[in-house]
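S.K.: Build the 3D model from these lines:
(3 chains)
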Amino acid sequence: MLKRENRLAKSKDIATAFARGRTFYNPFFSIRFLPRTGEKRFTVVVSTKVYKRAVARNRLKRLVREYIRKNLPSFKSGGYVISAKPKITSLPEKEIVPAFSGACGRIR
RNA sequence: UAAGCAAAUCGAAUAAUCGCUUGUUAUCUUAUCGCAAGAUGAGGUAAUGGGAGGAAAGUCCGAACACUUAUUUGAUACCCUCUUAAGAGGUAUUAAGAAUGGUAGCGGGUAAUUCCCGUCCACCGUAAGGUGCGAGAUGCGAACAGAAACGCUCAAUGCCGAAAGGCUAGAGAAUCCGGGGCAACCCGGAUUGUUUCCGCGGCAACGUGGAAGUGAAACGGCUAAAUUCUUACUUGGGUGCAAAGCCAAAUUUGGUAGGCUGCUAGAUCCUCCUGGCAACAGGUAGGACAGAUAGAUGAUUAUUUAGAAACAGAAUUCGGCUUACGAGUUUGCUUAGAGC
RNA sequence: GGGCGUGUAGCUCAGCUGGUUAGAGCAUCAAGCUUAUACCUUGAGGGUCCUAGGUUCAAAUCCUAGCACGCCCA
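M.R.: The predicted structure follows:
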């Protein structure tokens, strides 16, 4: 799990990120990014339409957060809303992290 | 040895590195209050504890808890209002009743239940066992077969047969045995049901043995998982923690944003002891127990068991039921076969 | 998290106080009408009543469990 200062927690911030942020995507993830100096905040969204079971949703969120935590310096500062797409169900678990890093590569 | 029945148990482990959440202690920074000592709040660091399940699931039942609503009578309490000392009205607590709902062999358990335990009976199974079709009265047999399915009226009324009856048809029109008779049929007995009486067992439902009577005006089936009434026991209804209470910016009141409480030690679980056949109850006994709030309980690597474990992720709490699922292991029992 | 509802023909819906053959509209197909198409007329086909158990003589209907879809509550 990320530290509290790196979570995008307030519903207002998420709403503004959705409204003003730029969208980056590949077939498996779509990322809303709103630049803001001084802090890096993330939130990961996996809906029930992607995975029906809570265990699978938690697993995906944990994998993505772990990747963010390890590669935190390489992200630009700002707010991120990362949502998974239904196509990701076809991917085996080992290829999820590379797919996510590919989606992030477009931002840098 | 094989097949089966019932019950119990586990729900990966170890190490390294990097994280998250929470309790306690220490310490640092900062804000507010205070003359001060210090207090309270927020944040950081360190140490040391805790950190998903047997189903956390489905939401099928039941309760706790909170708010809300209706109501007859009695008792108690205190306060308020009205009038004339006494009374009337109101509020709160509590007890009983009614309406309404529920339960239904019998007896128990529980806070409570469409739950659990014991037992009777019925049915299923060779058996170990499993299932619940299970109160009384009244009523029903509606569709399609069929001569006929409670009775009456109307209509209709096949074949064999003197008649009784049989054939047929249907979920359903009691079954079987012996003797006599050419046959129709007659006689006797049994099964099974039922009524009465008596004995024995049982708290009881009921079981069992005997005697007498009776069976188409019968028996069996259904009768709130279609419908009516009665009896016994029991019971207010509704909404659900997104209940509910409190604090409170911009902006004075109210309230909104936001925050706090509710929020986890409880009808709790395990072991032992006592009572009980058991469910369960009791215990100055010992031990255990997550609490997040965009939501922690994780990631990587190596080794091992058994194959990079199956079903699967707490959200107010608890009790049941149901469904999903991995690896086996243990205990008791039944049937069949083989050996001694 | 909590509380509700729906599932019947290719589509939209009736039927749900157990019983005759599960119906209606649109769509499809065939025939007629027309030089031809449409409209119109007539007729036909098409159903595991979401799935699995149970109650009953008999279940789309009643009961239990499961599956899928939808709605409401800050």
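
S.K.: where does A:E95 land in three-state SS?
M.R.: helix (DSSP: H, G, I helix; E, B strand; the rest coil).

S.K.: Repeat that for A:T37.
M.R.: In the three-state summary, A:T37 is assigned as coil, counting by three-state DSSP.

S.K.: right, and it touches A:K76 too?
M.R.: No: with contact defined as Cβ atoms under 8 Å, A:T37 does not reach A:K76; the gap is 9.9 Å. Glycine gets a C-beta too; all of them are placed from N, C-alpha and C.

S.K.: And the helices in chain A, which stretches?
M.R.: With DSSP state H as the definition, chain A shows helices at residue ranges A:11-20, A:54-70, A:96-105.

S.K.: for the residue sitting nearest the centre point of chain A, what are its contacts?
M.R.: Against the mean C-alpha coordinate of chain A, by Cα atoms, centre = their mean, the closest residue is A:I82 at 2.7 Å. When contacts are counted by Cβ atoms under 8 Å, 6 or more residues apart in numbering, A:I82 is found next to A:F29, A:S30, A:I31, A:F42, A:T43, A:V44, A:V45, A:V64, A:F100.

S.K.: which of these are buried?
M.R.: In these, burial by neighbour count holds for A:F29, A:S30, A:I31, A:F42, A:T43, A:V44, A:V64, A:F100, counting by 16 or more other Cβ atoms under 10 Å.

S.K.: which of A:T37 and A:K76 has more neighbours?
M.R.: Regarding A:T37 and A:K76, a neighbour count based on other Cβ atoms under 10 Å identifies A:K76 as having more, with 12 against 7.

S.K.: pLDDT score for that one?
M.R.: According to the model's per-residue confidence, A:K76 sits at a pLDDT of 80.

S.K.: What distance do you get for it to A:S83?
M.R.: Taking Cβ to Cβ, to the nearest Å as the criterion, A:K76 is separated from A:S83 by 19 Å.

S.K.: Great, nothing more from me.
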